Each structure stands twice: as structure tokens, then as C-alpha cells.
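S.K.: Based on what follows, work out the 3D shape:
(chains A and B)
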Amino acid sequence: MLKRAAGVALLLALSACINTDVGEAGPSFEAVTLLRAAPFKVASVGTFTNAKVSGMADRSINIRGSTMKPPGKGTFADYLAASIQSELRASGKYDPAAPASISGRIVENDAGENFKKGNAALAAEFSVSRGGAVRFSRTYRVTHKWDSAFMAVTAVPQAFNHYSDLYPKLIAAAFRDPEFVAALGAD
Amino acid sequence: MKLLKWALAALGLFAVTVPVHAKFYVNRDLGDVKPENQVQSVTPKPVQIIFNFQTSGAANNRATKYAKPIMIEAMKPRAIFADFVEVPTKDGALLSIDFNNIPEKGAGGKGFATGLTFGLKGLFVTDFYEVTFKYVPANGAPTVTKVIKHALHLKMGKKDVADPGIQMKNADEAVRMVIAQVAAHGLNELAKDAAFGQPIAPGGPATLPPPAKAKKK
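M.R.: Below you'll find the predicted structure:
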């Protein structure tokens, strides 16, 4: 009896598969304050895609058999676009008809851990275009490192949280770049 | 129910999946705002709200979805702001709340041991909360920052603790009470700061929003 209980508890601790989505993209204080001060009036958000890089996650992140997916049937590139839109809306700078449009391409997307340490990386090329012509383009990259746990019930959500935290950080990195925001304001 | 599971996950209480009865206690240190310290805004105005739940400093979108409406409901009766909206207000007033949950180190392992021994090895773990309120009174104004700390305790199995805190019916109600107390203190502290920029007066709601069927032990 005790052996069985031990087995069940061990299984719970080590496996505990979770299948979830990354959650709704909400605004962050950092990006909203950056955007409020940014010298452009409004911007729209165009298409974000995933670069065709072998092994790069575009529809799910897997940690010990558990998966985190983008919301709905979209890709992580769609999620990045939605996150940017959310930040622009919250700062009063989103207009789908704006001449300046932000689009991009995810070029790196990864999360993993080895029972001791975890790390995640997200990089995307952000482009600003007007009238269909690209005026500015730059790649931003953010990473997270954390102490992981032996038990999956702790390690998996921990990894997912650190991974999803990359999105607001990547967006803030772009909006912190004076040349990027200047391109959004340039005629 | 799914959200509650995630709320528990957010609290670092994965051990509750182990079939041993768990009890939840709200730490007594923060408590209510004392009536003599309570203030309210004379001319409350709407504020744009940004709320993010974090676990050990990392964004936790699922827990944000669960906790944000609870936080807003808890703040409404405080009479500091007229309304909490998602879009920019006329004057640019902005309130950001980072609700950071810092689980006790090794809590998962303790829960594992408790489950393994059917509660013979008791468990008492703490979820710490560090909640940062940032308020920008208007476009271009400097940010006012206040940090409120709180804690929630989980007891399982045979474990004697002299004063574990205020016992709650379940995890959901415990979280609601933690949020209500944090909301009350956070807004009160912001309003009392000279940089708040609005006239205030003593007073406010007599008690916190109902800490749902709380019972004192």
C-alpha cells in the first residue's frame, strides 16, 4: 500500500503534464510608459511570421512532455503581433489605419531546462514600413535564465512563466530603441 | 475550476494535488487599514489600470487573468479612484500593479513528503507576496511607487503551528482576502503620498470588502 502511494506521489511530482496556452497578451507598465513618451502619434501592426529555422518552435514550447501553445490556432508570431497591438492600444497609439506599420519575423524561439538550470530566448526582426516600403529594420533579442527544479510540477510552470515573460521584454527592447521609435514618427 | 487550479499553481501550491487535507491561512501582519489611518479621495477620478501577476518576478499570464478582476473589485470600494479602465484616461492617470508571488523555497518537496506519508509528516509552507503599486497622476508627472508585502500559509497533515494566521475556507477565499488587504493598503499609501496630486480626506469604507466567510482561529 505504502509502495503504491509512494509511486503515485512520485508520478505526480515527476510528470504532472500540463497542456496550456501562453495566455492573453496584456500591456506592461514599462512598454506603456516608453510608448507614451515616444515621438510618434499612432502605428498599426502588420504581419509577423516565423523564420524557417530548423527546430525553432512556432506552435508549441515543450518542457518535460508538457506543452505551451499560442492562443487559439495561431503561431507565436501571431502572439507577438497581438502583444505589440495590446501595448499600443494601452498607450493610446494604436490605429489600424496608421501609415506607419510594425511587422516582423521571429528568428529565435526556444525554452528548455535540465532539472537544474533553465533558459529561454526570443529574438525577432522588427520592421517599420510606410506605404509598403520598409524604412527601418532591426533584430532584438532577449533571454531568461533561472534555477529550475527537480519536480516537474514546479519546473514546468516555472519554465512557461519565464518563456512568456520574454514577449513584453522583447517589445520593450524595441520601443527603448530611439531609432526604432523615430522611424515610426518619420514622414 | 481550471482557473482555480492555475491560481493554486500561481501560489506555488502544487502539493495540493496530493490527497491530504490542506488548510489555508492569511498572515495576520498586514491586516486591515486602521480606521484612523484611512483616507479617501475628495474628487476621485478614473485611472487606467495595468495589472500583472508574477511568479518569482516572471509574468504569469494565467494567474493575471484570475487575479485581475478580483483586484479591481477589491479596489473599487476604497474611494480613491472613480473607475478602473483599460484605455488611457483624459489626463493620462495610470496605475500599474505588479503582484509578485514568491513561493517558499522547497515547498514542492515538502508537499511531496507530506503526500507520501499520508500527512504523517506535516507541512507548513508560505507563499510570499510583494506587490508594487506604481501611479502616474497625469501625463508627464513623476511616478509614485509603493510596495506592500503579504503572505499566505498552507498547512497539511500533522503539523503544530502556534499561530498560523486567519484560517480561510479554501484557497480561493484566501487569495481574495490577501488581494483585498493588499489593495486597501496599496491605494491608501498612494493617496497619502503628497505626489498623489488629489485632495484627500480622512475616512473611507468601514471594513474591507467581505473576506468571504473568514473565520478566526
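S.K.: going forward, measure contacts and count neighbours with C-alpha atoms only.
M.R.: OK.
S.K.: Could I get the full set of helices for chain A?
M.R.: According to DSSP state H, chain A carries its helices in the segments A:2-14, A:29-37, A:76-90, A:152-164, A:166-175, A:178-185.
S.K.: so can I have a markdown table of these showing mean neighbour count, distance to chain B and mean pLDDT?
M.R.: Conversion of the helices of chain A to a markdown table gives the following (neighbours: other CA atoms under 10 Å in any protein chain shown; distance: least, CA to the nearest CA, whole Å; pLDDT from 0 to 100):
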| stretch | mean neighbour count | distance to chain B | mean pLDDT |
| --- | --- | --- | --- |
| helix A:2-14 | 15 | 5 | 45 |
| helix A:29-37 | 20 | 6 | 94 |
| helix A:76-90 | 23 | 5 | 97 |
| helix A:152-164 | 25 | 5 | 88 |
| helix A:166-175 | 21 | 9 | 96 |
| helix A:178-185 | 18 | 18 | 95 |
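S.K.: can you tell me which residues contact residue A:38?
M.R.: residue A:181 (CA atoms under 8 Å, 6 or more residues apart in numbering or on different chains).
S.K.: Please name the bridge partners of residue 125.
M.R.: Looking at chain A here, since you left the chain open. In this structure, residue A:125 bridges to residue A:105, residue A:139 when assessed by DSSP bridges.
S.K.: actually chain B
M.R.: Applying DSSP bridges, one finds that residue B:125 bridges with residue B:154.
S.K.: just the one 10 residues further on next, same as before
M.R.: On DSSP bridges, the residues paired with residue B:135 through beta bridges are residue B:95, residue B:144.
S.K.: what's the closest of the helices of chain A to residue B:80?
M.R.: helix A:29-37 (20.3 Å; CA to CA).
S.K.: Quick one: residues in contact with that closest one.
M.R.: Applying CA under 8 Å, 6+ apart, the contact partners of helix A:29-37 are A:87-88, A:90-93, A:168, A:171-172, A:175-176, B:50, B:96.
S.K.: Any chance of CSV for the helices of chain A, columns distance to residue A:47?
M.R.: Conversion of the helices of chain A to CSV gives the following (distance: least, CA to CA, whole Å):
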stretch, distance to residue A:47
helix A:2-14, 39
helix A:29-37, 20
helix A:76-90, 7
helix A:152-164, 20
helix A:166-175, 15
helix A:178-185, 16
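S.K.: Which residue lies nearest the spatial centre of chain B?
M.R.: Central residue check for chain B by CA atoms, centre = their mean: the C-alpha nearest the mean position is that of residue B:179, 2.6 Å away.
S.K.: Are we agreed that that residue is in a helix?
M.R.: Yes - with the criterion set as DSSP: H, G, I helix; E, B strand; the rest coil, the secondary structure at residue B:179 is a helix.
S.K.: wait, what's in contact with the closest residue to residue B:52 other than its chain neighbours?
M.R.: Take residue B:52 and drop its neighbours on the chain: the residue closest to it by CA to CA, 6 or more residues apart in numbering or on different chains is residue B:98, 5.0 Å away. In this structure, residue B:98 makes contact with B:51-54, B:131-133, judged by CA under 8 Å, 6+ apart.
S.K.: Grab the two from those residues that are most spread out in space.
M.R.: The two members of the contacts of residue B:98 with the most space between them (CA to CA) are B:54 and B:133, at 13.5 Å.
S.K.: Now do the buried residues in stretch B:24-36.
M.R.: Taking 16 or more other CA atoms under 10 Å in any protein chain shown as the neighbour-count basis, stretch B:24-36 is seen to contain the buried residues B:24-27, B:31-33.
S.K.: What about those residues, which are in strands?
M.R.: Helix and strand membership here follows DSSP state E; of the buried residues of stretch B:24-36, those in strands are B:24-26.
S.K.: Could you single out the nearest of those to chain A?
M.R.: Out of these, the one with the shortest distance to chain A is residue B:24. That distance is 19.6 Å, counting by CA to the nearest CA.
S.K.: Identify the bridge partners of that closest one.
M.R.: residue B:154, residue B:168.
S.K.: And for residue B:150?
M.R.: According to DSSP bridges, the residues that bridge with residue B:150 are residue B:129.
S.K.: For chain A, see how far away it is.
M.R.: In this structure, residue B:150 and chain A are 21 Å apart, going by CA to the nearest CA, to the nearest Å.
S.K.: Let me have the contacts of helix A:29-37 in CSV, extended by distance to residue B:102.
M.R.: Converted to CSV, those look like this (distance: CA to CA, whole Å):
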residue, distance to residue B:102
A:87, 26
A:88, 30
A:90, 28
A:91, 29
A:92, 33
A:93, 34
A:168, 20
A:171, 25
A:172, 24
A:175, 29
A:176, 28
B:50, 20
B:96, 19
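S.K.: now do the same end-to-end measure for stretch B:25-32.
M.R.: Start to finish, the residues bounding stretch B:25-32 are 15 Å apart (CA to CA, to the nearest Å).
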